[in-house]
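Student: build me a structure from this.
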Amino acid sequence: MSKERTGPGAPRQSEGVRAFKRGLDVLREVNRSGGIRAGDVARALDLPRPTVYRLLETLEELGYIARSASDDRFRVTRRALSLGDGYDPGVVICQAAAPYLAELSKTLVWPVDLSTYENAAMVVQETTHSRSPLSIDRGMIGKRLPMLRTSAGRAYLAACPARERDLIVNHLRRIDEADDRPFLDAARLDRMIAETQARGYAIRSEGEYNPKTASIAVPIVRDGAVFGCISIIWIRSALGIDEAIAQFAVQLQETASAIPVEV
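Tutor: Numbers count the residues shown, from 1 in each chain. Below you'll find the model as predicted:
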């Protein structure tokens, strides 16, 4: 069984971590600038020029930056841009919202979900179902929720830009799921969107999707973009919709506004 190295090995490890961090800082500065000379990188990061030259050469050898022969500026390459291909906004909003959902669940007791839009459905990314003594559902992470028959889906549709909403609705029409057909009636859909926008939250209270539960959802919106929705779910026989709105709506809206989201 190997043991963790100490003594002479420890400084070497910390130096490696420090060099790695400096390399990322240099790459970030090149990306931020859109094109920058080595000396300007050194000044911006307050690093010795030889260190910056060495890091720039390494990044160039690895294919993440390229130096222009005409102006001697370094710029990021397509390979560096591809590092963002794995970016998942669902993971980002989940990390940001998790502590807020935990606090909200302590206050409201009933389970709370965070869901994001994905391919004609809302997908549960974070939930307090496992911690709520009032939950009748388990294993909710990754569960796909229909757009038209859940409060999360309705909240998203009402809050997203009209062009995006039209694309989603057209997608749902092509899928043509039998349970969705009554809700795709143009007049009914328009009324649902208008009422949800006027309230600032969506409701599910008539036994659609799950006859045992009801829910309220609010969107997380920044600069016109919807990052996800927060929903609270309760047993219909335990609480009427008007009472639930009075107890939950404002706190859900305040939480959605407080979650830190990078736009």
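
Student: with adjacent residues omitted, what lies nearest to A159?
Tutor: Across the structure, with CB to CB, 6 or more residues apart in numbering as the measure, the residue nearest A159 apart from its sequence neighbours is P219 (3.7 Å). In short, each C-beta sits where N, CA and C put it, glycine included.

Student: tell me the secondary structure at that neighbour.
Tutor: P219 carries the three-state label strand when classified by DSSP: H, G, I helix; E, B strand; the rest coil.

Student: what about it, how many residues nearby?
Tutor: For P219, the count of nearby residues is 24 (other CB atoms under 10 Å).

Student: how close does it sit to T51?
Tutor: 46 Å (CB to CB, to the nearest Å).

Student: who are the packing partners of the longest helix along the chain?
Tutor: Among the elements of the chain assigned as helix by DSSP state H, the one spanning the most residues is helix 9-33. Packing partners of helix 9-33 (3 or more CB pairs under 8 Å, 6 or more residues apart in numbering; DSSP states H and E): helix 38-45, helix 49-61, strand 74-76.

Student: need the winner for burial among those.
Tutor: strand 74-76 (a mean of 20; mean count of other CB atoms under 10 Å).

Student: hmm, back to that, dump the helices and strands packed on helix 9-33 to TSV, plus mean pLDDT.
Tutor: Listed next are the helices and strands packed on helix 9-33 as TSV, based on pLDDT from 0 to 100:
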stretch	mean pLDDT
helix 38-45	95
helix 49-61	94
strand 74-76	89
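
Student: dump those into TSV; add distance to W110 as well.
Tutor: As requested, those are exported to TSV (distance: least, CB to CB, whole Å):
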stretch	distance to W110
helix 38-45	49
helix 49-61	51
strand 74-76	47
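
Student: following the helix or strand harbouring A80, which helix or strand comes up?
Tutor: Here A80, judged by DSSP states H and E, is contained in helix 78-81. The first helix or strand that comes after helix 78-81 along the chain, using DSSP H and E, is helix 89-108.

Student: which residues are in contact with that following helix?
Tutor: 111-112, 114, 116, 118, 123, 125-128, 131-132, 220, 227-228, 230, 232, 247-248, 251-252, 255, 258-262 (CB atoms under 8 Å, 6 or more residues apart in numbering).

Student: quick check: the spatially most central residue of the chain vs V123, distance?
Tutor: By CA atoms, centre = their mean, the mean C-alpha position of the chain lies nearest to I93, the distance being 2.9 Å. Applying CB to CB, one obtains 11 Å for the distance of I93 from V123.

Student: what is in contact with those two at once?
Tutor: Between them, I93 and V123 have T116 as joint contacts when contacts are counted by CB under 8 Å, 6+ apart.

Student: shouldn't L148 be within a helix?
Tutor: No - secondary structure assignment (three-state DSSP) places L148 in coil, not in a helix.

Student: could you list the domains of this protein?
Tutor: When the chain is parsed with the TED database, its domains come out as 15-83, 89-258.
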